[in-house]
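Undergrad: Sequence and predicted structure below; questions after.
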Amino acid sequence: MSNFGNQIQYQIYATMQNPNPDRLPVIYEEWEARAREVLDDGPFYYIAGGAGGESTMKTNLQAFDRRKIIPRMLNDVQDRDLTVDLFGKTASFPFMLAPIGVQSIIHPDGELASAKASAKLGVPYITSSASSKSMEEIAEVMGDAERWFQLYWSKDPDVTASFVQRAEASGYSAIVVTLDTPMLAWREQDLKNVYLPFLIGEGVGNYFSDPAFRSKLSKSPEENPTAAIMHWAQTFGNPGLTWEDLSFLREHTRLPILLKGILHPDDAKKAVEYGMDGIIVSNHGGRQVDGAVSALDALPRITSIVGNQMPVFMDSGIRRGADVVKAIALGAKAVLVGRPPMYGLAVAGEKGVKEVLQNMIADMDMTMALAGKRAVTDIDESMLTE
Ligand SMILES: Cc1cc2nc3c(=O)[nH]c(=O)nc-3n(C[C@H](O)[C@H](O)[C@H](O)COP(=O)(O)O)c2cc1C
Ligand SMILES: O=C(O)C(=O)c1ccccc1
């Protein structure tokens, strides 16, 4: 039981007598604006941009805005409980860091900074297949803090199997298979800027360190990086995958498997039928199918079909505490946050990620309390207008 929000708020106001001229932002839009100042066009728009005309990216935010909370009074919200159960373990908050690749383009410390910040706060971290550091290096800085591994299912089954085994060996406790990115979408900003980080050897840390990947090259990535990158580009995505292929993963890991990028209720039903352990309702932050439904609008239909057969998580458009409350009210067990901590990373490295997350949790805790709920597990659809 805690008062996380009040404590953070108090700490901030307590600096009133002693203002810090280098204070970090509090407002999401200000973090984004500060990130814009420190990053070049290529990296900034790689993070901030979406697919096509960015209609889905905008819809993600509008869907949150459309739904309104109806606060309840006199419910004793003094001591609150933000914990949630994640596959039998208790997480302190209903938050996770969304898998984000190529963080070296955001800050020189890359994933090591964001993973450390998450570990210190007790927010589970999801390491991307496309991270700039290897999954083992990231695991090492996290100690025994909770971490999951996000799999981009390679065209080369040996690499896929090797990734999953390495994740298991280095202490990751779930596999998140991202299904919405068998290829990168038409991203107008990146095409305009002629910017693709992989082609300059960023975001390939897991591949270049992988024995199965290396065994397919005639020269090592150190001797011939260009050939290694070409091989990566040819094998990274796997548009030929079908539901039947999921059994391959099951044979190679005992960890829970979650499918990320589910938007249709029938696909959620299939995830249950094919024995998956969870799903993440997501449109990849509006970065894949421009014109796709917002993740929040897709969520209630999915949670009503899935019921309690598996946990349903969501991401795409979480910017503030109220967004988290709304997603949980529509049936999400917890949410993943993508861009907000990455702007924190750009502005202030590990400290920035920690600040963004901590403020978002505080905001969420206080919104929950002020709306009349004492525990995350008490949040339900009756809190919302539609
Ligand atoms: C720069 C960037 C890189 C990303 N890389 C990955 C990735 O490697 N794997 C993945 O599953 N999702 C990736 N995503 C998608 C996020 O996991 C998440 O779905 C999305 O950012 C959520 O939307 P939000 O940014 O609005 O919170 C990436 C997103 C961004 C912004
Ligand atoms: O940019 C992305 O959204 C993404 O998912 C990705 C895909 C491949 C490598 C790195 C990130």
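TA: Alright, I've got the coordinates. Numbering: from 1, shown residues only. Ligands and ions are numbered 1, 2, ... in the order given.

Undergrad: In contact with Glu29: list those residues for me.
TA: For Glu29, the contact set (Cβ atoms under 8 Å, 6 or more residues apart in numbering) is empty. Backbone N, C-alpha and C define where each C-beta goes, glycine included.

Undergrad: Name all residues that make contact with the residue of the stretch 251-386 of the chain found nearest ligand 2.
TA: Closest to ligand 2 within the stretch 251-386 of the chain is Arg287: 4.5 Å, counting by Cβ to the nearest ligand atom. The contact partners of Arg287, by Cβ under 8 Å, 6+ apart, come to Gly49, Gly50, Ala51, Met57, Ala185, Arg187.

Undergrad: got it, and Val123?
TA: Val123 makes contacts with Ala91, Ser92, Phe93, Phe95, Met96, Leu97, Leu357, Ile361, as judged by Cβ under 8 Å, 6+ apart.

Undergrad: Which pLDDT value goes with the residue lying closest to the second one once chain neighbours are set aside?
TA: The reference is to Ser92. Residue nearest to Ser92 in three dimensions, not counting chain neighbours: Gly122, with 4.2 Å by Cβ to Cβ, 6 or more residues apart in numbering. In this prediction, Gly122 carries a pLDDT score of 98.

Undergrad: Can you verify my assumption that Gly122 contacts Ala91?
TA: Yes: proximity of Gly122 to Ala91 meets the contact threshold set by Cβ atoms under 8 Å, at 7.3 Å.

Undergrad: Where do the helices of the stretch 101-250 of the chain begin and end?
TA: Using DSSP state H, counting those that start in this stretch, the helices of the stretch 101-250 of the chain run over 110-121, 135-142, 157-169, 188-193, 205-208, 211-215, 225-235, 246-252.

Undergrad: In JSON lines, list the contacts of Arg287 along with distance to Gly5, neighbour count and pLDDT.
TA: Output for the contacts of Arg287, formatted as JSON lines (distance: Cβ to Cβ, whole Å; neighbours: other Cβ atoms under 10 Å; pLDDT from 0 to 100):
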{"residue": "Gly49", "distance to Gly5": "32", "neighbour count": "20", "pLDDT": "98"}
{"residue": "Gly50", "distance to Gly5": "31", "neighbour count": "23", "pLDDT": "98"}
{"residue": "Ala51", "distance to Gly5": "35", "neighbour count": "24", "pLDDT": "98"}
{"residue": "Met57", "distance to Gly5": "28", "neighbour count": "24", "pLDDT": "98"}
{"residue": "Ala185", "distance to Gly5": "37", "neighbour count": "17", "pLDDT": "98"}
{"residue": "Arg187", "distance to Gly5": "36", "neighbour count": "21", "pLDDT": "98"}
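
Undergrad: At the contact with ligand 2, which residues of this protein appear?
TA: Contact residues (Cβ under 6 Å from any ligand atom) of the chain with ligand 2: Gly101, Val102, Ala130, Thr181, Leu184, Gly203, His284, Arg287.

Undergrad: The residue nearest to Ser92: how many residues sit nearby?
TA: When counting by other Cβ atoms under 10 Å, one arrives at 15 neighbours for Gly122.

Undergrad: contacting residues for it?
TA: Ala91, Ser92, Phe93, Ala145, Glu146.

Undergrad: anything in contact with each of Gly122 and Ala91?
TA: Joint contacts of Gly122 and Ala91 (Cβ under 8 Å, 6+ apart) are Glu146.

Undergrad: Would you pull up the residue in the stretch 151-300 of the chain closest to ligand 1?
TA: Counting by Cβ to the nearest ligand atom, the stretch 151-300 of the chain gets nearest ligand 1 through Gly285, at 2.7 Å.
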